[in-house]
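>>> coords please:
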Amino acid sequence: MRFNTEEDKIRALASQISVLLLDVDGVLTDGKLLFSSSGEELKAFCSLDGHGIKMLLRAGLQVGIITGRTSTIVENRCRDLGITLVLQGQEDKAAALQSILTAQNVSLQRVAYVGDDLPDWPVLEQVGLSFSVPSGHPFVTKRVAAVADFPAGGGAVREICDFLLEAQGSEADYLA
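You can find the predicted model right below:
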């Protein structure tokens, strides 16, 4: 993971996170939008990322989705992983963040967000801990707290989940 600020400070912030929010396209997927000849949308998700999300949920953290697009594929993937905080079709991601803060009764300092592009910036600049992926827009990757080494849709979310678990002292529970 590449840190844009002091690693010790980021680890201290990570130890306090109780909610991890994720963008979908370009974070949980590689960002490609695939459509079949019949118009059916296709997405590929990484099993490593899915397992990382399940580990966070088992450790007692909440995981949520804020995405600008709407897709039954995302709905199904979230159900499979146990993610119940799912806000799709959110052009105003900052407003979606506020609704999650209210519903979960959590402060901004306890929220981490992973985004990759300019529509994510209004959330990234507010939360307690911000992450991106290597393929993210340079405006974002230069300003977030840290950028994953693994690619979007290929382990970046797992890397961030592992980092959060380690910072909170929970990673040993999942290595046995």
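
>>> Okay, strands next: where are they in this protein?
2-3, 19-22, 34-35, 41-42, 62-66, 85-87, 111-114, 129-132, 146-147 (DSSP state E).

>>> Would you mind giving these as CSV with distance to residue 154 added?
Yep, even glycine has a C-beta here, placed from its N, CA and C like the rest. Converted to CSV, the strands of the chain look like this (distance: least, C-beta to C-beta, whole Å):
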stretch, distance to residue 154
strand 2-3, 16
strand 19-22, 14
strand 34-35, 15
strand 41-42, 16
strand 62-66, 18
strand 85-87, 22
strand 111-114, 14
strand 129-132, 14
strand 146-147, 14
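
>>> And residue 137, how far from residue 5?
According to C-beta to C-beta, to the nearest Å, residue 137 and residue 5 sit 19 Å apart.

>>> what's the answer for residue 155, then?
Relative to residue 5, residue 155 is positioned 23 Å away (C-beta to C-beta).

>>> higher neighbour count, those two?
Each of residue 155 and residue 5 has its neighbours counted (other C-beta atoms under 10 Å); residue 155 has more, 20 against 11.

>>> The more buried one and residue 60, how far apart?
23 Å.

>>> Give the bridge partners for the residue positioned nearest the centre of the chain, please.
With distances taken as C-alpha atoms, centre = their mean, residue 22 lies nearest the centre of the chain, 2.7 Å away. Per DSSP bridges, the residues bridged to residue 22 are residue 65, residue 114.
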